[in-house]
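Colleague: coordinates only, sequence not included:
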């Protein structure tokens with residue numbers, strides 16, 4: 001019955017997602033504030049029309065949080081579905097093959113900013129809920145919590161969750177903001193990395209200077225910043241900040257063997273990225289480097305003249321944005337302080353350094369022996385015909401530890417995206433197969449979770 005409803009409504013489900021993708025809900029840029037609010041109202045309306053009760057758009061100090069629920073039997077377990085409707089900036093626009101907020105379908109994929117992260121994956125849950133309501137097959141109570149600040153650190157989510165613990169009470173949190181190894185390899189994410197994000201400024205003279213008259217006599221902030229950043233890794237690819245690895249989890253040989261057994265082609269990986277070789281910390285595989293090991297990367301760097309032609313200046317300032325992905329037992333506040341202390345200590349006297357901490361998040365590992373994990377495993381087997389592979393993810397979802405701390409509930413990360421979806425990059429896309437397969441699979445999770453919980 002559910003499959004028939006899905007097949008009959010595929011065009012409708014797709015057109016609605018395309019409509020949502022046209023809304024440029026970029027939370028990082030205040031210029032898009034009206035669009036972020038527009039996306040919130042749009043989702044609330046769709047949640048209401050799908051059959052949810054108590055739908056509300058809750059204002060915060062930042063962007064709204066949407067809530068809705070369907071509680072039809074207090075004896076049944078309750079699932080809290082989390083997702084986000086904000087998206088990353090689309091820059092650099094010139095590298096997109098089509099406008100980022102004018103979705104196009106090509107090669108059975110939807111190309112648009114937010115297609116995979118997280119509008120497509122979040123909207124699967126609303127459509128799966130609609131399908132269960134229309135076919136009278138909803139097997140669990142459900143609550144929806146959809147926010148608009150995930151891409152900027154979820155600054156106001158904790159305040160909302162702490163103020164609404166009773167409203168958000170549940171048995172499990174279900175999130176689809178992760179992915180699969182491949183379309184024929186269903187995957188359950190069992191761990192995510194944390195985050196420490198900082199911005200640094202190195203300043204020298206009180207103004208830009210003539211590079212001929214002052215070059216060689218006054219420190220160039222761009223040169224200094226480049227050297228400082230380069231020193232943050234050694235020749236083995238290890239991060240040189242003192243104390244950075246003190247609490248890093250020592251992953252067992254058994255789990256490393258499971259990672260090694262996951263289907264992965266290094267040749268295809270390199271071909272997809274158009275690179276000649278991979279790079280990273282010595283002693284670890286590519287899959288280990290992006291899942292169980294911490295990292296430090298420059299996300300942006302600027303200063304001086306970058307316009308057309310030449311302008312021979314020695315810049316007054318140089319800036320960079322730096323993210324550190326963290327693994328279990330690494331505390332983001334501690335890592336930020338370690339970074340700040342070290343970065344200031346390696347600056348020469350000829351410049352001044354200012355470090356501005358931005359958002360962070362805790363790493364998390366989810367259990368593989370829980371009822372919820374088994375329900376996800378069964379659901380994926382029902383629709384893919386094969387057992388799901390457990391695998392840690394390199395990305396960060398700070399709300400996982402928040403829900404565990406405040407609500408006392410674990411999270412199941414059952415995502416349907418692919419590493420090749422180009423999230424946060426130009427030409428982000430999401431497969432039609434993945435979108436529809438998610439809608440088909442989610443109701444089976446409800447069914448098995450209810451059965452296993454009884």
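Modeller: Received it, and whenever you're ready, just let me know what you need. All of these numbers come straight from a predicted model, not from anything done at the bench.
Colleague: in the protein, what residue sits furthest out from the centroid?
Modeller: In the chain, counting by CA atoms, centre = their mean, residue 213 sits farthest out from the average C-alpha position, at 47.1 Å.
Colleague: for that residue, phi and psi?
Modeller: Backbone torsions for residue 213, taken as degrees, to the nearest 10, come to phi -80, psi -30.
Colleague: same for the host helix or strand of residue 434, what does it pack against?
Modeller: Using DSSP states H and E, residue 434 maps to helix 432-453. Counting contacts by 3 or more CB pairs under 8 Å, 6 or more residues apart in numbering; DSSP states H and E, helix 432-453 is packed against helix 2-8, helix 10-21, strand 78-84, strand 109-111, helix 120-134, strand 172-175, helix 371-384. Glycine gets a C-beta too; all of them are placed from N, C-alpha and C.
Colleague: and if we set it to 7 Å?
Modeller: Contact analysis of helix 432-453 by 3 or more CB pairs under 7 Å, 6 or more residues apart in numbering; DSSP states H and E lists helix 2-8, helix 10-21, helix 120-134, helix 371-384 as its packing neighbours.
Colleague: deepest of those helices, which one?
Modeller: Burial of the helices and strands packed on helix 432-453 is given as mean neighbour count (mean count of other CB atoms under 10 Å); helix 120-134 ranks first at a mean of 24.
Colleague: burial check on the spatially closest residue to residue 125 that is not a sequence neighbour, number of neighbours?
Modeller: Nearest in space to residue 125, with sequence neighbours left out and distances taken as CB to CB, 6 or more residues apart in numbering, is residue 81 at 4.8 Å. For residue 81, the neighbour count with other CB atoms under 10 Å is 24.
Colleague: list the contacts of residue 81.
Modeller: Listed by CB atoms under 7 Å, 6 or more residues apart in numbering, the contact set of residue 81 reads 125, 142, 143, 144, 174.
Colleague: now these in TSV, with pLDDT?
Modeller: Below are the contacts of residue 81 laid out as TSV (pLDDT from 0 to 100):
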residue	pLDDT
125	98
142	98
143	98
144	98
174	98
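Colleague: among the residues you listed, which pair sits farthest apart?
Modeller: Based on CB to CB, the longest span within these runs between 125 and 143 and measures 11.2 Å.
Colleague: my read: residue 126 touches residue 47, true?
Modeller: Yes - taking CB atoms under 7 Å as the definition, residue 126 is a contact partner of residue 47 at 5.8 Å.
Colleague: how's the chain carved up into domains?
Modeller: 2-192+363-453, 194-248+294-361 (automatic domain parsing).
Colleague: which among those is found nearest to residue 264?
Modeller: Once the domains of the chain are compared by CB to CB, domain 2-192+363-453 is nearest, at 7.1 Å.
Colleague: helices of this structure, start to end?
Modeller: All helices of the chain, identified by DSSP state H, fall at 2-8, 10-21, 33-50, 120-134, 157-163, 211-214, 221-230, 253-261, 266-273, 286-289, 332-345, 371-384, 399-406, 432-453.
Colleague: count residues in the vicinity of residue 206, would you?
Modeller: Using other CB under 10 Å, residue 206 has 7 neighbouring residues.
Colleague: gap between it and residue 368?
Modeller: Distance, residue 206 to residue 368, by CB to CB, to the nearest Å: 58 Å.
Colleague: for the closest residue to residue 350 other than its chain neighbours, what are its contacts?
Modeller: Closest residue to residue 350 apart from its sequence neighbours, by CB to CB, 6+ apart: residue 219 at 3.5 Å. When contacts are counted by CB under 7 Å, 6+ apart, residue 219 touches 204, 348, 350, 351.
Colleague: what's the answer for residue 378, then?
Modeller: Contacts here follow CB under 7 Å, 6+ apart; on that basis residue 378 touches 444, 448.
Colleague: quick one on the thing from earlier: ok, and for the helix holding residue 434, which residues are buried?
Modeller: Applying a neighbour-count criterion of 16 or more other CB atoms under 10 Å, one finds 432, 434-450 buried in helix 432-453.
Colleague: what would the contacts of residue 81 look like in TSV with distance to residue 253?
Modeller: Shown next, in TSV, are the contacts of residue 81 (distance: CB to CB, whole Å):
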residue	distance to residue 253
125	37
142	40
143	40
144	41
174	31
